[in-house]
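Asker: Fold the following, please.
(one chain, ligands or ions: 1)
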Amino acid sequence: MKQFNTFNYKNEVNYWYDCIDKHGEDVYSYGPKYYVGLVIKKIMPFLKLPPTEKICMLGTHNCYSFALLEEFYGKDRCIGFDLKNPTNRSNIIEGSILDLNIDLIPPLSFCWNDLGNYKRNPFEKMYGQIVFANRIINGGVFIGRDSSNRARFPAEALMSEFNYKNETLQNFFIKNNISFDGIDESLLRSHLISFREI
Ligand SMILES: C[S@@+](CC[C@H](N)C(=O)[O-])C[C@H]1O[C@@H](n2cnc3c(N)ncnc32)[C@H](O)[C@@H]1O
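Answerer: Numbers count the residues shown, from 1 in each chain. Okay, the predicted model is just below:
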């Protein structure tokens, strides 16, 4: 029987960095047109985050989106996690998320879970969601896929249990009068923005 959490580091690095042509056109090679960066750019001015704790991205790849967080919040405040650190940043922790000593995760004001995807690495993706959602402080914000993900992971229920109020990114855009221009609305409908109220 195929094990749910089989993970081969070398294969995964190869898939994420050397086989991008197999990931579909809609990821735009994880460059400036990839939806995560486009969304981040639009929402950052509207997020009311706790002022000092870290701003985190799970899955940084070539850092196009992570660089936007650094520009807006300052490099010292940002922290990223990925299998690789091709841009050699000192604020990125390299390795599989499962091997991370969780005591080293700082308190967080913000986190986006873009760690692989629910089809390829459901165990690692869920693990990241559970562990990092638990490090967000009161008033902080977490963004990730909703429960329609391919692993059927009940993201909404988990976030509610962790004392978050959930809404879709689409709703957040509408409430704040942010234009959908250039963004696939179905992606906004299938992502939760969750606000922690402990
Ligand atoms: C969709 S890409 C991230 C794109 C990036 N957020 C951006 O906006 O440009 C997913 C990333 O997750 C990383 N990843 C996959 N499995 C991982 C794991 N087990 N631990 C850490 N990172 C992982 C991959 O190396 C890849 O860079």
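Asker: got the buried residues for the helix or strand containing residue 65?
Answerer: In the assignment (DSSP states H and E), residue 65 maps to helix 64-73. For helix 64-73, the neighbour count (16 or more other CB atoms under 10 Å) marks 64-70, 73 as buried. For every residue, glycine as well, the C-beta is placed using N, CA and C.
Asker: touching the ligand at all, that helix?
Answerer: Yes - residues of helix 64-73 contacting the ligand under CB under 6 Å from any ligand atom: 64-65.
Asker: How far away from the center of its chain is that helix?
Answerer: 13 Å (CA atoms, centre = their mean, to the nearest Å).
Asker: close to the ligand, is the helix or strand just after that helix?
Answerer: Next helix or strand after helix 64-73 toward the C-terminus (DSSP H and E): strand 78-82. Yes - interface with the ligand: strand 78-82 contributes 81-82 (CB under 6 Å from any ligand atom).
Asker: any idea which helix is longest in the protein?
Answerer: Secondary structure assigned by DSSP state H gives helix 122-133 as the longest helix of the chain.
Asker: by how many degrees do that one and strand 78-82 diverge?
Answerer: Angle, helix 122-133 to strand 78-82, by axes from the mean of the first three to the mean of the last three CA atoms, to 10 degrees: 160 degrees.
Asker: Buried residues, the next helix or strand along the chain from helix 122-133. List them.
Answerer: With elements assigned by DSSP H and E, the helix or strand that comes after helix 122-133 is strand 136-145. Within strand 136-145, the residues scored as buried using 16+ other CB under 10 Å are 136, 140-145.
Asker: And the furthest pair within these?
Answerer: Within the buried residues of strand 136-145, 140 and 145 form the most distant pair, 18.4 Å apart (CB to CB).
Asker: any chance you could map the strands in this structure?
Answerer: With DSSP state E as the criterion, the chain has strands at 54-58, 78-82, 92-94, 108-113, 136-145, 164-168, 191-196.
Asker: now these as CSV including distance to residue 120 and mean pLDDT?
Answerer: As requested, the strands of the chain are exported to CSV (distance: least, CB to CB, whole Å; pLDDT from 0 to 100):
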stretch, distance to residue 120, mean pLDDT
strand 54-58, 14, 98
strand 78-82, 14, 98
strand 92-94, 19, 97
strand 108-113, 14, 98
strand 136-145, 13, 98
strand 164-168, 24, 98
strand 191-196, 18, 98
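Asker: Alright, I will stop here.
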